[in-house]
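[1] A predicted structure for the sequence below; I have some questions about it.
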Amino acid sequence: TETTTAAYLMANFSTQVGDYPVSGNFGVRLVNTEVESIGFRTEYEIIEDASGFLSILAVAGADLEEVSVEDDYTEVLPSFNAVIDLSDTMVVRAGFFRGLSRADPSDLGYNRSFALNTAEDITEPDELITNVAGFGNPRTRPIPSWNNDLSFEWFPEEDTLLAAGVYFKRFTGGFEQARTSEPFIVDGQPVTADFTVTQPSGGKSELFGIELTGTYRFSQLPGIWGGLGTKISYNYADSDFQFEDSLYGQVTVLIDDGSVFSQTSRIVAQGNVPGFSEHVFSGQLYWDFGPLDLQAIYKYRSEYFQPYTSNGTRLRYVGDVGVWEARASYRLNKSVKFTIEAINLFDEPKEQFFFARDDLGEVNYYGPRIFFGVQAKYFIRFVRPGSYRSGSIPYFGPAKRLLILLLPDTTETLGGVDRCETNSKHC
């Protein structure tokens, strides 16, 4: 379980800097996180013979033994956001904040297994277990980062937007594989064994990006052609973040005080930020006229690193891909709308590369997916029968029970008869 307790403090401001209105907010968030990971294993007992030699045996017929690891930490996260109105059509936005990148809950598990040492001359409890394996580290702390965002937006016309932004993130470290000693409690005694865990590394890493966005509607065209429009966005980013593979990556060997004793050589290159693509593009052409809305969308992203679901410490890359989508909707009235959406129209495959970017391991074809939907929006009004004024919805006479009317979300009249006035004491 991961329990988060947070407290917030925020203030808004609005002022004038020269001829430019400036508004925004600033604040701080104090967050405490408690992690408890529970596992179950066979119960063991440690036996000492007459000669003082130790052995370890499973307790016959015993229930599984519960083992757990707990950790907690507190972080302070300040933030500042500002908006500068350069004119009625130009806006500058700036943001500065400290954030946290947490590990996936599955990576906080406590999955451990070990082999029993059957030697007959063991005198130390630490020698009773060997070959510790498993994954998950309940003591994995989040990676903090300082984030800076700056963007410029220009609205030359009502349906037109041109925007550009830059962002910069500085992380405290990445993810490394560390070989360290981990204690196990067996038969009430601490037994220490070496185990490789994934943990945040020291040092710094950075991420820099640029965003470009443009939207335009051809509203000057005659008739229904005025509903044509387009939206385009592009993002470029670069990062030196490092994520070591738990099997073929570099392993840092630590001593008891946490300092580095040695480092092994890596076989495969490190991964980057999970889900990070260097290039991301999206283009959309839409046609909106009357109750009908049509959209054609193209999405592209370059390759990215995606950890395995079953073990988030292993490297896997997803190849670059571009897909086409189509959407359509028809509004029958103000309460009911029909929708249809088609994803991956041309059956673009998902290519996965294991451990290295050029080691193709799996190709998946999911085919096009089509979704149909109906949206209906109504509201419920509770009234007393007989409470309508004369000339409204027909009079029902006095009653002690409430009448529930299911009315469409529309400002039009029902059957040519007005509803009771909103300021009436009976409505």
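    Yep, it's here.
[2] Now Phe13. Nearest residue, chain neighbours left out?
    Leaving aside its sequence neighbours, Phe13 sits nearest to Gly24 (CB to CB, 6 or more residues apart in numbering; 6.1 Å). All C-beta atoms are positioned from the backbone trio N, CA, C, and that covers glycine.
[3] again with Val31
    That would be Ala6: by CB to CB, 6+ apart, it lies 4.3 Å from Val31.
[4] need the contact list for that neighbour.
    Ala6 makes contact with Arg29, Leu30, Val31, Asn32, according to CB atoms under 8 Å, 6 or more residues apart in numbering.
[5] thinking again about what came up before, continuing past the helix or strand harbouring the residue nearest to Phe13, what's the next helix or strand?
    Per DSSP states H and E, Gly24 falls inside strand 20-41. Along the chain past strand 20-41, the next helix or strand (assigned with DSSP H and E) turns out to be strand 44-48.
[6] Sketch out the low-pLDDT regions of the stretch 301-427 of the chain for me.
    Along the stretch 301-427 of the chain, segments meeting pLDDT under 70 span 309-312, 380-427.
[7] Tell me where it has strands.
    304-305, 316-318, 321-331, 336-343, 350-354, 360-364, 369-376, 378-383, 403-408 (DSSP state E, counting those that start in this stretch).
[8] buried set for the strand holding Gly24?
    Judged by neighbour count using 16 or more other CB atoms under 10 Å, the buried positions of strand 20-41 are Val22, Gly24, Phe26, Arg29, Val31, Thr33, Val35, Ser37, Gly39, Arg41.
[9] is it possible to export those residues to a markdown table including pLDDT?
    Below are the buried residues of strand 20-41 laid out as a markdown table (pLDDT from 0 to 100):
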| residue | pLDDT |
| --- | --- |
| Val22 | 95 |
| Gly24 | 95 |
| Phe26 | 96 |
| Arg29 | 96 |
| Val31 | 95 |
| Thr33 | 94 |
| Val35 | 91 |
| Ser37 | 89 |
| Gly39 | 83 |
| Arg41 | 80 |
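[10] Burial check on Asp245, number of neighbours?
    Neighbour count of Asp245, defined by other CB atoms under 10 Å: 24.
[11] I figured it was touching Phe305, is that so?
    No. Using CB atoms under 8 Å, Asp245 makes no contact with Phe305, being 10.3 Å away.
[12] shared neighbours, the two?
    Each of Gly271, Leu315 lies in contact with both Asp245 and Phe305 under the rule CB under 8 Å, 6+ apart.
[13] Now do the nearest residue to Gln189 once chain neighbours are set aside against Asn131, distance only.
    In space, and not counting its chain neighbours, Gln189 is closest to Pro125: 5.3 Å by CB to CB, 6+ apart. Pro125 is 16 Å from Asn131, where distance means CB to CB, to the nearest Å.
[14] Those two: who's more crowded?
    Pro125 (17 against 11).
[15] Would you confirm that Phe184 contacts Ala193?
    Yes. The pair Phe184 / Ala193 is scored as a contact, 6.5 Å apart, by CB under 8 Å.
[16] Among those two, which residue is more densely surrounded?
    With neighbours defined as other CB under 10 Å, Phe184 and Ala193 compare such that Phe184 has more, 20 against 17.
[17] ok, now how distant is that one from Pro368?
    The spacing between Phe184 and Pro368, counted by CB to CB, is 51 Å.
[18] go on, Phe135?
    Separation of Phe135 from Pro368 (CB to CB): 36 Å.
[19] ok so, going back, would you point out the most distant pair within the contacts of Ala6?
    With distances taken as CB to CB, the most widely separated pair in the contacts of Ala6 is Arg29 and Asn32, at 10.8 Å.
[20] Name the nearest residue to Leu315, ignoring sequence neighbours.
    Nearest residue to Leu315 in three dimensions, chain neighbours excluded: Asp245, at 4.3 Å (CB to CB, 6+ apart).
[21] Quick one: classify the one you found as helix, strand or coil.
    Counting by DSSP: H, G, I helix; E, B strand; the rest coil, the backbone at Asp245 sits in coil.
[22] so what's it up against?
    Taking CB under 8 Å, 6+ apart as the criterion, Asp245 is in contact with Gln177, Arg266, Val268, Gln270, Gly271, Thr313, Arg314, Leu315, Phe355.
[23] which of those lies closest to Phe218?
    Nearest to Phe218 among these is Gly271, at 43.5 Å by CB to CB.
[24] Beta-bridge partners for that closest one, please?
    Judged by DSSP bridges, the bridge partners of Gly271 are Phe243.
[25] Per-residue pLDDT of it, please?
    Here the pLDDT value assigned to Gly271 is 83.
[26] buried stuff in the helix or strand hosting Leu162?
    Here Leu162 sits within strand 161-171, counting by DSSP H and E. By 16+ other CB under 10 Å, the buried positions in strand 161-171 come out as Leu161, Ala163, Gly165, Tyr167, Lys169, Phe171.
[27] If anything else comes up later, I'll come back, but that's it for now.
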